[in-house]
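Engineer: sharing a model prediction with you, sequence too.
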Amino acid sequence: MEKVLVVGVSGGQGRLVARRLARKYKVVGVDRDLWTTRPPNIPFYRVDIRKRAFEDVFRKEQPTAVIHLGFVRHFRTESGERYDVNVRGTRRLLDHCRTYGVKQLVVASTGYVYGALVENPHFMDEDYPLGASRNYPEIRDLVEMDTLTTAFMWRNPEVNTVVLRPVNTLGRYVHSAIGTYLRMRRVIVMTGFNPMMQFIHEEDLTEAIVLCIEKDLRGVFNVTGGGEVPVRVAIRETGGRPLSLPEPIARPVVGQLYAAGLFPLPAGAIDYIKYPCTVSGQRFFEASGFRAAFGLRETFQTLRG
């Protein structure tokens, strides 16, 4: 039986993935944070992926597959530490995968790495340039992590490496900035703009991640869910009311609210509610047969409590 190491197992998505994998595989969990609801049949190591103890887990457990979900995705962590965890931590993980003979590696990136830009086509494929850093410097660590892993994939063909770029993930267990944004009662939008946004249910993303292991995939794949709607429709469907502000007012207001801890995203994220950042999931469908089981209505309902 294959042994799968889930890095970032204490987070909502990590817990879902670990429990789903445990039906068929031996699973080992790693996280900086305590996993309070750990099933007794899954060994757990509370370690920082940047530390020597993380390599000791590889040495002891000898995993055949690794799923990397251990990123800092929120923006409240100091930017230097966030970059260090996401980039230096990922680099160390990649080194350990090569050193200890890991056969499969799945790294969960994000569709945000393409950036929300006025020139974006609808439904970008995986060959489209990663432009998020141009106007959104706070996300450069995720872009660099994605690029680092893609380079590892080409340089190390003996490791079947997958880079997944899912769209906005919503659910009862996954805590994300977009989820916090949509849970607000009055939700800031840009006057004159209403871009399409895509969403995937946390259970569908779990299934997509597991399919990468089951089908021994290799490559870079966008992962899409039950469809796409304009941002104002998403706000209404999740119980909020759009608050339309002109951009010259919105950017400083968002910056001040973010600094005060009253808004989940920095001002640079405004472009994602101004310009489209939609991706095509066709390549992943052709490689894995994946289809989302949850529609948008079911996905939005997860935010309503």
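Structural biologist: Sure thing, it's come through.
Engineer: pLDDT weak spots in the protein?
Structural biologist: 1, 75-77, 305 (pLDDT under 70).
Engineer: hmm, 50 instead?
Structural biologist: Judged against pLDDT under 50, the chain has no low-scoring part.
Engineer: and the helices in it?
Structural biologist: Secondary structure of the chain (DSSP state H): helices located at 12-21, 52-61, 79-83, 89-99, 140-155, 177-183, 202-214, 231-237, 247-259, 282-288, 296-301.
Engineer: any idea of the angle the fifth one forms with helix 89-99?
Structural biologist: Here the directions of helix 140-155 and helix 89-99 differ by 20 degrees (axes from the mean of the first three to the mean of the last three Cα atoms, to 10 degrees).
Engineer: ok, and what's touching helix 140-155?
Structural biologist: With Cβ atoms under 8 Å, 6 or more residues apart in numbering as the test, helix 140-155 has contacts from 71, 73, 82-83, 86-87, 90-91, 94, 97-98, 105, 107, 109-110, 112-113, 130, 132-133, 159, 161, 163, 165, 218-220. All C-beta atoms are positioned from the backbone trio N, CA, C, and that covers glycine.
Engineer: show me which of those residues are buried.
Structural biologist: Neighbour counting by 16 or more other Cβ atoms under 10 Å classes 71, 73, 82-83, 86-87, 90-91, 94, 97, 105, 107, 109-110, 112-113, 130, 132-133, 159, 161, 163, 165, 218-220 among these as buried.
Engineer: spit out the contact partners of residue 266.
Structural biologist: Contacts of residue 266 by Cβ under 8 Å, 6+ apart are 75, 138, 254, 255, 258.
Engineer: got it, and residue 187?
Structural biologist: Neighbouring residues of residue 187 by Cβ under 8 Å, 6+ apart: 181, 235, 240, 241, 242, 243.
Engineer: between those residues, which is nearest residue 175?
Structural biologist: When those are ranked by distance to residue 175 (Cβ to Cβ), residue 181 comes first, at 11.9 Å.
Engineer: what about the closest residue to the closest one other than its chain neighbours, neighbour count?
Structural biologist: With Cβ to Cβ, 6 or more residues apart in numbering as the criterion, residue 181 has its nearest non-adjacent residue at 5.5 Å, and that residue is residue 264. A count of nearby residues for residue 264, using other Cβ atoms under 10 Å, gives 21.
Engineer: how near is residue 264 to residue 74?
Structural biologist: Relative to residue 74, residue 264 is positioned 8 Å away (Cβ to Cβ, to the nearest Å).
Engineer: thought residue 199 was touching residue 237?
Structural biologist: No: judged on Cβ atoms under 8 Å, residue 199 makes no contact with residue 237 at a distance of 9.8 Å.
Engineer: since that was my last question, I'll sign off now.
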